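S.K.: turn this into a structure:
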Amino acid sequence: MADAWRLKACPVVLRGTGRVEVLAFEHPLAGLQLVKGSVEASETAAQAAVRELREESGVVAHVVADLGTWDAGFEQQRWSLSLCEPHAPLPDGWVHQSAGDEGHAYRFFWHPLGQPPSDDWHDVYRRALAHIAQWLRDAGSHSTLKL
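M.R.: Predicted structure coming up:
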């Protein structure tokens with residue numbers, strides 16, 4: 001089935017009020033990224049988002065809002081974006097040893113959504129950041145988070 005979309009779960013973790021930041025990480029081989037992974041047949045996209053966040057970052061969280069799906073324009077991927085709230089406050093940065101992906105260590109940090117991403121981000125993640133920022137602008141007065 002060549003025309004089938006490949007559904008990916010993307011947990012979005014935000015912090016801040018005056019300057020909103022999104023959780024991101026540096027992959028040792030593939031540059032700066034957002035957490036994202038495949039949705040397994042036995043789970044919903046929200047469940048996959050929570051699982052991927054825990055596996056890739058060590059963060060335990062729950063989904064507080066469905067941000068919809070986004071056509072990534074990359075490898076026929078459609079991303080299901082889930083706004084996630086961690087169960088505990090997160091530090092400014094940390095390193096997490098991934099259980100998958102050959103056990104790479106990921107360096108986590110907070111990227112300001114109002115700041116243009118550098119060339120260290122793959123184009124698909126730059127567009128995802130723009131999509132998340134647009135969602136936040138569209139949420140306007142309905143959200144406590146502002147750009």
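
S.K.: tell me the contacts of L83?
M.R.: V12, V13, L14, V63, V64, A65, D66, L67 (CB atoms under 8 Å, 6 or more residues apart in numbering). From N, CA and C alone the C-beta is placed, and that goes for glycine too.

S.K.: for PyMOL, write the selection for the buried entries among the residues you listed.
M.R.: Burial among those is assessed by 16 or more other CB atoms under 10 Å; the matching PyMOL selection reads:
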select buried, resi 12+13+14+63+67
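
S.K.: make TSV out of the contacts of L83 and add secondary structure and pLDDT.
M.R.: Converted to TSV, the contacts of L83 look like this (DSSP: H, G, I helix; E, B strand; the rest coil; pLDDT from 0 to 100):
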residue	secondary structure	pLDDT
V12	strand	97
V13	coil	97
L14	strand	96
V63	strand	97
V64	strand	96
A65	strand	93
D66	strand	93
L67	strand	92
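
S.K.: closest to R107 among the contacts of L83?
M.R.: V13 (15.5 Å; CB to CB).

S.K.: give the bridge partners for the nearest residue to that closest one once chain neighbours are set aside, please.
M.R.: The shortest distance from V13 to any non-neighbouring residue, by CB to CB, 6 or more residues apart in numbering, is to L23 (3.9 Å). Per DSSP bridges, the residues bridged to L23 are W110.

S.K.: what's the longest helix anywhere in the chain packed up against?
M.R.: In the chain, assigned by DSSP state H, the helix with the most residues is helix 123-139. If contacts are counted by 3 or more CB pairs under 8 Å, 6 or more residues apart in numbering; DSSP states H and E, helix 123-139 sits against strand 61-71, strand 77-86.
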